[in-house]
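**Student:** here's a sequence, model it:
(chains A and B)
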Amino acid sequence: MSRRARVLVVLLGTSIVLALAATGAGATMLLYLLPALALAVPLLLRRYPGERRLLALIAGRSKPRRRPGARTTSTARPRALVPRGGLLIACSLAVRPPPRLPITS
Amino acid sequence: MSSQERPPGGEFPTRRGGREHPRRRRHGVRAVCSLSAGLLALEAIWPELAGAHGISGLASLPVPAWLFAWAAAIVLVVSFVALSTLWSSPRLQQREVRALARVPAALTPLCGLIGIALFALVIYAGYEGVPYYTANFDPTFIYVIFWVGVPVASVLTGDMFSAFSPWRATARALRWVSRRLGVTRTAPLGYPAWLGRWPVVGGLLAFGWLELIYHDHDNPVTLASLALAYFTLMLIGMALFGIEAWTERGDAFGGYFNLFSRLALFEVRDGVLYLRRPLSALADLEIEPGTVALVLTIIGVTTFDGASNGVVWNTIGPHIQSVFSGLGLGPTPADELSDTIGLLIALAVVGAFFALGVRGMQSVSRRFPYGQLLRGFAHTLVPIGFAYVLAHYFSLLVWQGQAIGYLASNPLGRNANLFGTAHWHINYNFIDSTAIWYVQVAALVLGHVSGLTLAHDRALSVYRSKLEAVRSQYWMLAVMVTFTCLGLWLLSDVNT
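**Tutor:** Below you'll find the predicted structure:
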């Protein structure tokens, strides 16, 4: 954070504290402003609480999601298991055919 | 019919959204809306659940009022998380409208006539009516119906004031007559770009000062004279710079109401009524010189109005007043001067909070200069400004606003009964103070969630990486939580 911003923070903080001290409304106003302070103090210290978890959540949501119940199916085309070319001729001429093609390759 | 227009984008190299699947986008928006609504409902129910835990602060509330500030902060934090995770691409930067109906051509002159008639009544009642603010039509009409009711109506219906504006209607009527007589003239001067919205800022400050600080602010004669002076000023401005150019930027009230009307779902353009996406008209706001000052002035003036009735200013104010009295000023000028200083302090504090948030955003990425970020995110304060106005003046509107019923029948306060409603009175049981408090809290929370949504959407279109966008929004979240807590403290400080 720049020097001017720090000066701004100091001025703002000092004036609020002085106003509260002068009026005696400090405790009540502090209770109201506590959530704002709880957020502002880590930010002024350059800390972003919960940032990693938030980014993980964002990353998790940006991945394409699979519909529940959808079956996983192979997109590869089924291979034809019929003999072709030279093997077809060999099969037709052979007395004892060559060994069968494996089911998967 | 659906049409898309490119917004006047501002200064950022914006990233347009719309690549996501529309159904998924709707799911995201719905999830954010339902989450926010659920939390609001929970917050409204919570005091009832925690009713046994003791009472302090507001007499009619079962829990201390400061707990509402904590609950509101939680709502904002949850909204921030929901927006970050569910709203992954900019959706408001592109304007989408749908035509609903054609507006009858006779409606605009009719509204203009009503506006002129009401203005004439204000002038007549001011000079001829009794000089008591409760019995005369003017103070209630100007400070309640005009100053508070028109912004609320603008948010609900769109920019209705531009149709009712008496000075605009008069200028348009004069133009029509001169054209009929064969006289056509164009505006001799172009509206200077450097002037931007500064006349609106000046006008709002002057009206705020009149309402909150000037000792004779509810004198009907003063109000009528000031209204006449303003009317003349507007006619001169429109004669010099053109009717529409001056109405949009030079007319303080026109500019103020137009800003709030951007929260509405409806807009009328070229005689056609359009439906638009919520908040999209604000993302479209042209950031001219004075725009940042305008939104800060709206919040600052309302802040001072709240603070001036609270314990802090009632302790500090008399000390400043005694300094001026010591310099030889009378009690009235000393009081007015000390309150003027209070107004300036309120403006400075509000401006400092926003400036601090923007400085923090600047620390996230050095690509954007401070001024550019300040202007680029100024529109996010508009819903907050309206939330402050509604929360602060809601009780005035629902209670004192009823007075217009009998004042309409007896505007001069001289025992007339024009519409048979002169015997009406204000029903204070119409809504109780507890319900008012809940409305105020809901208005503040909704306003700040809307501001956060606008800031998130702008951040997505501005920053290159998710990390920068998320970090920048931590700062905006801090600004929104601060304004929410401040607003609730001011309200409770007045009510207790």
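
**Student:** isn't B:Gln93 up against B:Ala459?
**Tutor:** No - counting by Cβ atoms under 8 Å, B:Gln93 does not reach B:Ala459; the two are 11.1 Å apart. (Each C-beta comes from the backbone N, C-alpha and C, glycine too.)

**Student:** for chain B, what's the longest helix?
**Tutor:** Secondary structure assigned by DSSP state H gives helix B:331-364 as the longest helix of chain B.

**Student:** summarise which helices and strands it is packed against.
**Tutor:** Counting contacts by 3 or more Cβ pairs under 8 Å, 6 or more residues apart in numbering or on different chains; DSSP states H and E, helix B:331-364 is packed against helix A:3-23, helix B:198-212, helix B:291-307, helix B:311-326, helix B:370-376, helix B:466-495.

**Student:** and B:Phe253, what does it touch?
**Tutor:** B:146, B:150, B:161, B:165, B:203, B:207 (Cβ atoms under 8 Å, 6 or more residues apart in numbering or on different chains).

**Student:** got phi/psi on the fourth one?
**Tutor:** Read that as B:Ser165. phi -50, psi 120 (degrees, to the nearest 10).

**Student:** pLDDT score for it?
**Tutor:** Note for B:Ser165: predicted pLDDT of 95.

**Student:** correct me, but it touches B:Tyr256?
**Tutor:** No - B:Ser165 lies out of contact with B:Tyr256 (Cβ under 8 Å); the separation is 11.8 Å.

**Student:** could I get the buried residue list for the longest helix of chain B?
**Tutor:** B:334-343, B:345-364 (16 or more other Cβ atoms under 10 Å in any protein chain shown).

**Student:** CA atoms only: put stretch B:132-150 into PDB for me.
**Tutor:** In PDB, the C-alpha atoms belonging to stretch B:132-150 read as follows (Å, rounded to 0.1, in the frame of the first residue of the first chain):
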ATOM      1  CA  TYR B 132     -46.800  27.000   9.800                       C
ATOM      2  CA  TYR B 133     -44.900  24.000   8.500                       C
ATOM      3  CA  THR B 134     -47.400  21.500   9.700                       C
ATOM      4  CA  ALA B 135     -50.400  23.300   8.200                       C
ATOM      5  CA  ASN B 136     -48.900  24.500   4.900                       C
ATOM      6  CA  PHE B 137     -48.600  22.200   1.800                       C
ATOM      7  CA  ASP B 138     -45.000  23.200   0.900                       C
ATOM      8  CA  PRO B 139     -42.700  21.700   3.600                       C
ATOM      9  CA  THR B 140     -44.400  18.300   3.500                       C
ATOM     10  CA  PHE B 141     -44.600  18.200  -0.200                       C
ATOM     11  CA  ILE B 142     -41.000  19.300  -0.800                       C
ATOM     12  CA  TYR B 143     -39.200  17.500   2.000                       C
ATOM     13  CA  VAL B 144     -41.200  14.300   2.100                       C
ATOM     14  CA  ILE B 145     -43.000  13.700  -1.200                       C
ATOM     15  CA  PHE B 146     -40.500  15.300  -3.500                       C
ATOM     16  CA  TRP B 147     -37.200  14.700  -1.700                       C
ATOM     17  CA  VAL B 148     -37.900  11.100  -0.500                       C
ATOM     18  CA  GLY B 149     -41.000   9.900  -2.300                       C
ATOM     19  CA  VAL B 150     -39.700  10.600  -5.900                       C
END
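
**Student:** give the buried residues for it.
**Tutor:** Neighbour-count burial for stretch B:132-150, counted by 16+ other Cβ under 10 Å, picks out B:133, B:135-150.

**Student:** do the same with stretch B:360-380
**Tutor:** Under the neighbour-count criterion of 16+ other Cβ under 10 Å, stretch B:360-380 has B:360-365, B:368, B:372-380 buried.

**Student:** same check on stretch A:29-44?
**Tutor:** Across stretch A:29-44, burial judged by 16+ other Cβ under 10 Å covers A:29, A:31-33, A:35-36, A:39-40, A:43-44.

**Student:** Throw these into JSON lines and include pLDDT, distance to chain B and secondary structure, thanks.
**Tutor:** Converted to JSON lines, the buried residues of stretch A:29-44 look like this (pLDDT from 0 to 100; distance: Cβ to the nearest Cβ, whole Å; DSSP: H, G, I helix; E, B strand; the rest coil):
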{"residue": "A:Met29", "pLDDT": "79", "distance to chain B": "6", "secondary structure": "helix"}
{"residue": "A:Leu31", "pLDDT": "85", "distance to chain B": "4", "secondary structure": "helix"}
{"residue": "A:Tyr32", "pLDDT": "87", "distance to chain B": "4", "secondary structure": "helix"}
{"residue": "A:Leu33", "pLDDT": "85", "distance to chain B": "5", "secondary structure": "helix"}
{"residue": "A:Pro35", "pLDDT": "91", "distance to chain B": "3", "secondary structure": "helix"}
{"residue": "A:Ala36", "pLDDT": "90", "distance to chain B": "4", "secondary structure": "helix"}
{"residue": "A:Leu39", "pLDDT": "89", "distance to chain B": "4", "secondary structure": "helix"}
{"residue": "A:Ala40", "pLDDT": "88", "distance to chain B": "5", "secondary structure": "helix"}
{"residue": "A:Leu43", "pLDDT": "89", "distance to chain B": "6", "secondary structure": "helix"}
{"residue": "A:Leu44", "pLDDT": "85", "distance to chain B": "8", "secondary structure": "helix"}
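
**Student:** follow-up on the earlier one: ok, the contacts of B:Phe253 vs chain A, which is closest?
**Tutor:** B:Phe207 (26.3 Å; Cβ to the nearest Cβ).

**Student:** residue contacts, that closest one?
**Tutor:** Per Cβ under 8 Å, 6+ apart, neighbours of B:Phe207: B:147, B:252-253.

**Student:** my guess is B:Tyr127 meets B:Asn219, correct?
**Tutor:** No - when contacts are counted by Cβ under 8 Å, B:Tyr127 is not listed as touching B:Asn219 (11.4 Å).

**Student:** kindly state the pLDDT recorded for B:Ala37?
**Tutor:** Confidence score, pLDDT, at B:Ala37: 47.

**Student:** skipping adjacent residues, who's closest to the residue in the stretch 101-250 of chain B that chain A sits nearest to in space?
**Tutor:** The nearest approach of the stretch 101-250 of chain B to chain A comes at B:Leu212, 18.9 Å away (Cβ to the nearest Cβ). Closest residue to B:Leu212 apart from its sequence neighbours, by Cβ to Cβ, 6 or more residues apart in numbering or on different chains: B:Asp305 at 5.5 Å.

**Student:** what distance do you get for that neighbour to B:Gln93?
**Tutor:** Going from B:Asp305 to B:Gln93 by Cβ to Cβ, to the nearest Å gives 34 Å.

**Student:** kindly report the same for B:Phe386.
**Tutor:** Per Cβ to Cβ, B:Phe386 is found 21 Å from B:Gln93.

**Student:** for B:Ala120, give me its contacts.
**Tutor:** B:Ala120 touches nothing, counting by Cβ under 8 Å, 6+ apart.

**Student:** how about the residues of the stretch 51-200 of chain B near chain A?
**Tutor:** The interface of the stretch 51-200 of chain B toward chain A, taken as Cβ under 8 Å from any Cβ of the partner chain, is made up of B:64, B:66, B:69-70, B:72-74, B:77, B:81, B:84-86, B:88.

**Student:** same question, the stretch 301-450 of chain B
**Tutor:** Remark: the part of the stretch 301-450 of chain B in contact with chain A comprises B:310-312, B:315-316, B:349, B:352-353, B:355-356, B:359-360, B:362-363, using Cβ under 8 Å from any Cβ.

**Student:** from chain B, which residue is nearest to chain A?
**Tutor:** B:Ala73 (3.3 Å).

**Student:** ok, that residue - contacts?
**Tutor:** Shown in contact with B:Ala73 (Cβ under 8 Å, 6+ apart): A:35-36, A:39, B:481, B:484-485.

**Student:** need the max-distance pair from those.
**Tutor:** Spanning the widest gap among the contacts of B:Ala73 are A:Leu39 and B:Thr484, at 11.1 Å by Cβ to Cβ.

**Student:** spit out the contact partners of the closest residue to B:Ser280 other than its chain neighbours.
**Tutor:** Counting by Cβ to Cβ, 6+ apart, B:Ser280 lies nearest to B:Leu92, which is 4.8 Å off, once chain neighbours are set aside. By Cβ under 8 Å, 6+ apart, B:Leu92 lies in contact with B:277, B:279-280, B:282-283, B:453-454, B:457.
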